[in-house]
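1. give the three-dimensional model of this entry:
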Amino acid sequence: MAGITHSAFRRLLADYGGTGALWTEMLSAKMILNENTLESPWLKRRPQEGKVIYQLLVTDVERLSETLDRLSVLRPDGIDLNIACPAPSIRRQRGGADLFEDAGRLRDIVRVLRRDFPGPLLVKTRLGRQTPDWRTKLHDRLHLLEDEGVDALTIHPRYSEEKLKRSARHALYAELAAETRLPIIANGDILGRDFVCDHSAQLAPTAGLMIGRMVAARPWFFAKWQHPELTVDYLAVWNRLCDYIAEDFPARHTLGRIKILAPYFARNFLFGHTLFSKIQSSPDFGTARSRAADFLLQSPDLATNVTLGGI
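-> Numbering: from 1, shown residues only. Coordinates of the predicted model:
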């Protein structure tokens with residue numbers, strides 16, 4: 001969710017409600033040392049957001065205690081260590097999925113997090129690399145995290161090298177839940193309420209659901225889950241998002257924020273590629289905002305199903 005779950009977008013989600021907690025995007029632990037915690041759109045939170053979990057990219061224990069001290073002013077409702085991200089840029093930094101592979105370094109980092117953060121400590125992971133011994137290695141990591149005092153796990157059931165290819169293996173949750181005493185939060189390809197009902201047996205062993213990219217497309221996702229009759233005003237959603245981004249980000253960054261969200265939001269429409277193209281070709285934030293508004297004022301036909309393949 002890089003570039004998406006910043007303070008402006010979380011504010012939009014909070015307007016609709018329905019969430020148990022909101023996650024930040026993965027934040028570099030070392031970057032936090034140079035941010036203004038009360039003004040940074042990556043860090044600041046608003047009371048209406050409710051519970052906010054700060055997800056961290058950590059590569060070593062150097063200055064990690066300082067990072068947690070700086071975050072303390074924000075009163076995180078949890079810290080989430082990401083050992084799942086397969087992006088090459090993250091792995092080159094020795095974070096994300098690379099940290100999963102290094103048990104010793106992972107143990108050292110979790111120990112510092114557990115020692116210095118008194119609240120809920122979570123870890124997000126994938127299955128590891130697709131090797132003959134992947135089950136054994138994952139088993140070892142689950143028990144390492146148990147032993148070091150982690151409180152819960154989010155498991156995205158894909159291999160590290162798959163990125164977002166193939167379907168998430170929700171059928172593995174029964175096996176994984178039997179491997180650990182920690183609560184497991186399901187993640188990956190959870191498309192909505194109907195999907196969860198249809199896959200209830202596979203998801204039953206988990207303690208919760210984490211929804212990511214589908215919410216980037218539909219910020220009202222959780223509200224509509226609870227209130228299926230909810231009517232969505234797409235233009236109002238767009239204008240509110242633009243207002244919040246303009247408020248939280250310097251002007252030089254606003255266009256980039258909109259362009260990151262554009263491919264997701266555009267998937268709501270039958271001819272969403274037109275909306276996407278209008279935004280991506282815009283030279284500035286104001287133009288992108290007005291072009292999208294013009295498109296939405298025409299009451300464009302909605303897509304029957306929102307799919308996110310290719311993003």
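
2. residues near the closest residue to Val196 other than its chain neighbours, how many?
-> Nearest residue to Val196 in three dimensions, chain neighbours excluded: Leu203, at 6.1 Å (CB to CB, 6 or more residues apart in numbering). Just so you know, the C-beta spots here come from the backbone N, C-alpha and C atoms, and that holds for glycine as well. For Leu203, the count of nearby residues is 20 (other CB atoms under 10 Å).

3. and Leu203, how far is that from Lys51?
-> 22 Å (CB to CB, to the nearest Å).

4. can you check Phe100 too?
-> 26 Å.

5. the more surrounded of those two?
-> Between Phe100 and Lys51, counted using other CB under 10 Å, the more crowded position is Phe100 (24 against 14).

6. just to be sure, the more buried one is in a helix?
-> Yes - assessed with DSSP: H, G, I helix; E, B strand; the rest coil, Phe100 lies in a helix.

7. which of the residues in the helix or strand where Ala288 lies are buried?
-> Assessed by DSSP states H and E, Ala288 sits inside helix 285-297. Within helix 285-297, the residues that count as buried by 16 or more other CB atoms under 10 Å are 285, 288-289, 291-292, 295-296.

8. in a strand, that's where Asp15 is, yeah?
-> No - assessed with three-state DSSP, Asp15 is helix; it does not lie in a strand.

9. wait, doesn't it sit right on Arg240?
-> Yes - taking contacts as CB atoms under 8 Å, Asp15 lies within contact range of Arg240: 7.0 Å.

10. circling back to that earlier point, now pLDDT too, for the buried residues of helix 285-297, in TSV please.
-> Below are the buried residues of helix 285-297 laid out as TSV (pLDDT from 0 to 100):
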residue	pLDDT
Phe285	97
Ala288	97
Arg289	97
Arg291	97
Ala292	97
Phe295	97
Leu296	97
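
11. wait, Ala84 sits on Lys124?
-> Yes - the criterion here is CB under 8 Å, and Ala84 meets it with Lys124 at 4.8 Å.

12. shared neighbours, those two?
-> Overlap of the contact sets of Ala84 and Lys124 (by CB atoms under 8 Å, 6 or more residues apart in numbering) consists of 154, 156.

13. and which of the buried residues of helix 285-297 is nearest Gly272?
-> Among those, Phe295 lies closest to Gly272 (CB to CB), at 9.3 Å.

14. which ones are touching that closest one?
-> Counted by CB under 8 Å, 6+ apart, Phe295 has contacts 274-275, 278.

15. coming back round to it: how far does the helix holding Ala288 sit from its chain's centre?
-> Relative to the centre of its chain, helix 285-297 is centred 26 Å away, using CA atoms, centre = their mean, to the nearest Å.

16. which residues touch the closest residue to Pro76 other than its chain neighbours?
-> Take Pro76 and drop its neighbours on the chain: the residue closest to it by CB to CB, 6+ apart is Tyr54, 4.6 Å away. Contacts of Tyr54 were listed using CB under 8 Å, 6+ apart, and they are 23-24, 27, 43, 71, 74, 76, 78-80.

17. now Leu302
-> Taking CB under 8 Å, 6+ apart as the definition, contacts of Leu302 comprise 268-270.

18. now the buried members of those.
-> Buried among these by 16+ other CB under 10 Å: 268-269.

19. sort out which one of the contacts of Leu302 lies nearest Thr307 for me.
-> Asn268 (10.8 Å).

20. tell me the spacing between that closest one and Thr287.
-> 21 Å.

21. and what of Phe117?
-> Taken as CB to CB, the span from Phe117 to Thr287 is 43 Å.

22. next: Arg141.
-> Arg141 is 48 Å from Thr287, by CB to CB.

23. any idea where the helices of the stretch 51-200 of the chain begin and end?
-> In the stretch 51-200 of the chain, the helices defined using DSSP state H, counting those that start in this stretch lie at 64-71, 88-92, 97-101, 103-116, 134-147, 173-179, 193-198, 200-203.

24. and of those helices, who's closest to Arg257?
-> Nearest of those (CB to CB): helix 88-92, 19.1 Å.

25. so what pLDDT did the closest residue to Gly256 other than its chain neighbours get?
-> What sits nearest to Gly256 in space, not counting adjacent residues and going by CB to CB, 6+ apart, is Gly3, at 7.8 Å. As predicted, Gly3 sits at a pLDDT of 91.

26. which parts of stretch 16-32 are buried?
-> Quick answer for stretch 16-32 (16+ other CB under 10 Å): 16, 19, 21-30, 32.

27. now for the residues you listed, which pair is the farthest apart?
-> Top of the distance list for the buried residues of stretch 16-32 (CB to CB): Tyr16 and Lys30, 33.3 Å.
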